[in-house]
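Participant: Sequence first, then the predicted structure, then my questions.
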Amino acid sequence: MKTQRLLAAVLALSFLATAAGCDTTNLESMANTWVIGENPQTATEPVQEETAETTEAVMEINEETADIYVKDAAPVYSSTTYRPEMFYGKYTAPGTHKTGLEEATRDKFLAEMSYTDYPTEYDRPLTVLPYRIEVGPHCNVTSLNYLNGYNWMTLRFYDAEGNRCQVRAAYTIQGDELELRFLEDYSYDADTRILDYTFADSVVRYGFSFNGPAVTLTCEDKSVTLYAEDLTKEDGVDIYDANLAESSASVCSITKFNLKQNDTYIMVGNDKIVPDSYEFTDDGLFRMVWTEGETKHALQLAYFYADDDGLVLTDGNDYYYYNRRSWDLYTDEVSTNLDVSGAKRLENMSDAEIKALKERVNDLYTDLDQALKDAGINATIDKETGEIALDSVLLFDVEAYAVSQEGRDMLSKFLKAYTSVIFNEKYNGFVSTIEIEGHSDPTGNPDYNRTLSEYRANNVMEYCLSASNGLDSETTSRLASMVTAQGYSSDRPIYKQDGTVDLDASRRVSFRFVIAM
């Protein structure tokens, strides 16, 4: 078990030991399986929300005239390559009051669940599955969201006495498994802006499946089905300020959804349009009809309801991510290059200060791009993640973690170009930390991939600080005071436009700078 602390620097996680997933935990065997919807004390179906035009009839979308159309959502859910954004939202068991289950529902849940000693701050067994999860930067508000490179989930369990227990975890998706790294301890000091957190040494894995407003989690012989919270309430849909993510394709040129009962509209380019009607069906279809000028439009797609974190739509081939608030879009250009302390300060900056900061960051990216091109370095700059990525094929032999001779030669050229910009008088003191990140593709064993990515990141860092790096001693010394290394395994893959993982691009070593605030 290792504890991390961050203050004006990028956190570097220590290697997690071999996973001890849910399927290897000694669980008390129970005859019953808890599947929400079978409980006679609670509603068995999510409440269908009213559409923009309230009507008794279910909307009908004609496949021949629709702009984009999915007949059946089930095959889409079963064939989707899942991404972290698809879990965004607040999913809860029917019969929930605020953040706990009503008494009758709770007692049934406690009686039918197994219990296990999860690696958390609690010193007692918890139900093997949660009754509620909160996921996404706006549904799961926590200072942990300021840590780049992680997706965070809050899970709510019960102990055997009926006490509610809240657990935070970093999550990734490996095929049809949800992989969780629980925090055993976590605290944030707002005055000092110090974030302390401790990851458990093991990994917990749940099976999962989506079906419209529901997600089913499984662990050995137990399962629980949770519903999107909004869609179980009488007041229904509440999608607010859901903007198109920068890296996402748009559906029908729509750039924003605002689906609130008293404020319903979409943005198509610069045009604000009130839909004629829309609905989320309980079998996973989002339908909408709208009019532009004299032209009637319609769509019918599978959906992931992300609540305060927007909406994800798909036809099974293309994926449309509407997960960004207006503020997110405004600050995205700099937030990926901030640590926790800087991100908190960003919230208190004026528009003029943020604009000036964005311009300087963009200038730095432009100068780095030009310097790398002049040096003949083929690097990929991704402003959305803050990465400057180098192809692992050029740095390492297959399955190896020692930097090859070709890799050393390329790193020397890269470092000369990179430091000529970072340490230029124009940016003197602007960069506080440089993180070297190792990444793998999601194939193979996750624990092996994590070890490989860590070794590769560390070996690249060692070469960057060695006497043979091609830099003078003063520059090397300055670099040594700023650089860290971190392996991310396959936690941050690169995706193609069709939503599948780009395996070649995912295998990379990247450099990310953190600006001083």
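Facilitator: Structure received.
Participant: model confidence over stretch 129-136, on average?
Facilitator: For stretch 129-136, mean pLDDT is 96.
Participant: From the chain's centroid, how far away is it?
Facilitator: When C-alpha coordinates are averaged (CA atoms, centre = their mean, to the nearest Å), stretch 129-136 and its chain have centres 15 Å apart.
Participant: got a list of contacts for that stretch?
Facilitator: 34, 85, 87-93, 96, 99, 101, 109, 113, 140, 151-158, 167, 171, 206, 217-219, 222-224, 226, 306-309, 323 (CB atoms under 8 Å, 6 or more residues apart in numbering). Just so you know, the C-beta spots here come from the backbone N, C-alpha and C atoms, and that holds for glycine as well.
Participant: These in strands, which ones?
Facilitator: Those of the contacts of stretch 129-136 mapping onto strands are 89-92, 96, 101, 152-158, 167, 171, 206, 217-219, 222-224, 226, per DSSP state E.
Participant: where does the nearest residue to residue 456 once chain neighbours are set aside fall, helix, sheet strand or coil?
Facilitator: Distances taken as CB to CB, 6 or more residues apart in numbering place residue 438 nearest to residue 456, at 4.2 Å, with adjacent residues excluded. Following DSSP: H, G, I helix; E, B strand; the rest coil, we place residue 438 in the strand state.
Participant: Isn't residue 438 up against residue 491?
Facilitator: No - contact criterion CB atoms under 8 Å: residue 438 and residue 491 do not qualify, at 10.8 Å.
Participant: Give me the more crowded residue out of these two.
Facilitator: Comparing residue 438 with residue 491 by other CB atoms under 10 Å, the one with more neighbours is residue 438, at 30 against 25.
Participant: So what pairs up with that one in the strands?
Facilitator: Beta-bridge pairing for residue 438 (DSSP bridges): residue 487, residue 509.
Participant: ok, it - contacts?
Facilitator: Counted by CB under 8 Å, 6+ apart, residue 438 has contacts 452-458, 460, 485-488, 509.
Participant: what residue ranges in the stretch 51-200 of the chain score low on pLDDT?
Facilitator: 51-58, 190-193 (pLDDT under 70).
Participant: again, only this time at 90
Facilitator: 51-62, 93-104, 119-121, 141-150, 174-175, 184-200 (pLDDT under 90).
Participant: who are the neighbours of the longest helix that the chain contains, in terms of helices and strands?
Facilitator: Identified as the longest helix of the chain according to DSSP state H is helix 351-374. Applying 3 or more CB pairs under 8 Å, 6 or more residues apart in numbering; DSSP states H and E, one finds that helix 351-374 contacts helix 326-335, strand 380-382, helix 405-422, strand 508-515.
Participant: which stretch among these comes nearest residue 66?
Facilitator: Proximity to residue 66 (CB to CB) singles out helix 326-335 among the helices and strands packed on helix 351-374, at 28.7 Å.
Participant: Helices along this protein, start to end?
Facilitator: Listed in chain order, the helices found in the chain under DSSP H are 74-79, 103-112, 326-335, 340-346, 351-374, 392-395, 405-422, 446-464, 473-480, 503-506.
Participant: So for the first one, what gets flagged as buried?
Facilitator: It stands for helix 74-79. 76-77 (16 or more other CB atoms under 10 Å).
Participant: Now tell me what touches it from outside.
Facilitator: Residues outside helix 74-79 that contact it (CB under 8 Å, 6+ apart) are 70, 209-211, 283-284, 302, 314-316.
Participant: let's go with 7 Å and repeat that
Facilitator: Residues external to helix 74-79 that are found in contact with it (CB atoms under 7 Å, 6 or more residues apart in numbering): 70, 210-211, 284, 302, 314, 316.
Participant: Then the fifth one?
Facilitator: For helix 351-374, contacts defined as CB under 7 Å, 6+ apart pick out 331, 333-334, 337, 346, 379, 381, 383, 388, 417-418, 420-421, 427, 430, 515.
Participant: Repeat the analysis, applying 8 Å as the threshold.
Facilitator: In this structure, residues lying in contact with helix 351-374 by CB under 8 Å, 6+ apart are 330-331, 333-334, 337, 346, 349, 379, 381, 383, 388, 414, 417-418, 420-422, 424, 426-427, 430-431, 513, 515.
Participant: And it, how far out from the chain middle?
Facilitator: Taking CA atoms, centre = their mean, one finds helix 351-374 lying 25 Å from the centre of the chain it belongs to.
Participant: Report the mean confidence score over that helix.
Facilitator: On average, helix 351-374 scores 91.
Participant: Give me the buried stretch members for it, please.
Facilitator: 357, 361, 364-365, 367-368, 371-372.
Participant: quick one: the residue nearest to residue 449 when sequence neighbours are not counted and residue 489, what's the gap?
Facilitator: Excluding its sequence neighbours, the residue lying closest to residue 449 (CB to CB, 6+ apart) is residue 440, at 4.0 Å. Plainly put, residue 440 is 6 Å away from residue 489 if you go by CB to CB, to the nearest Å.
Participant: How about residue 178?
Facilitator: From residue 178 across to residue 489, the span is 15 Å (CB to CB).
Participant: out of these two, which sits in the busier spot?
Facilitator: Shown here are residue 178 and residue 489; by other CB under 10 Å, residue 489 has more neighbours (26 against 23).
Participant: Nearest to residue 260 among the contacts of residue 438?
Facilitator: residue 488 (36.7 Å).
Participant: tally of neighbours for that closest one?
Facilitator: Neighbour tally, residue 488, other CB under 10 Å: 21.
Participant: for the nearest residue to it once chain neighbours are set aside, what are its contacts?
Facilitator: Of all residues not flanking residue 488 in the chain, residue 439 sits nearest, at 5.3 Å (CB to CB, 6+ apart). Contact partners of residue 439, counting by CB under 8 Å, 6+ apart, are 453, 488-493, 506-510.
Participant: JSON lines for those residues, including distance to residue 61?
Facilitator: Putting the contacts of residue 439 into JSON lines (distance: CB to CB, whole Å) gives the following:
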{"residue": "453", "distance to residue 61": "45"}
{"residue": "488", "distance to residue 61": "41"}
{"residue": "489", "distance to residue 61": "41"}
{"residue": "490", "distance to residue 61": "37"}
{"residue": "491", "distance to residue 61": "37"}
{"residue": "492", "distance to residue 61": "36"}
{"residue": "493", "distance to residue 61": "33"}
{"residue": "506", "distance to residue 61": "36"}
{"residue": "507", "distance to residue 61": "41"}
{"residue": "508", "distance to residue 61": "41"}
{"residue": "509", "distance to residue 61": "47"}
{"residue": "510", "distance to residue 61": "43"}
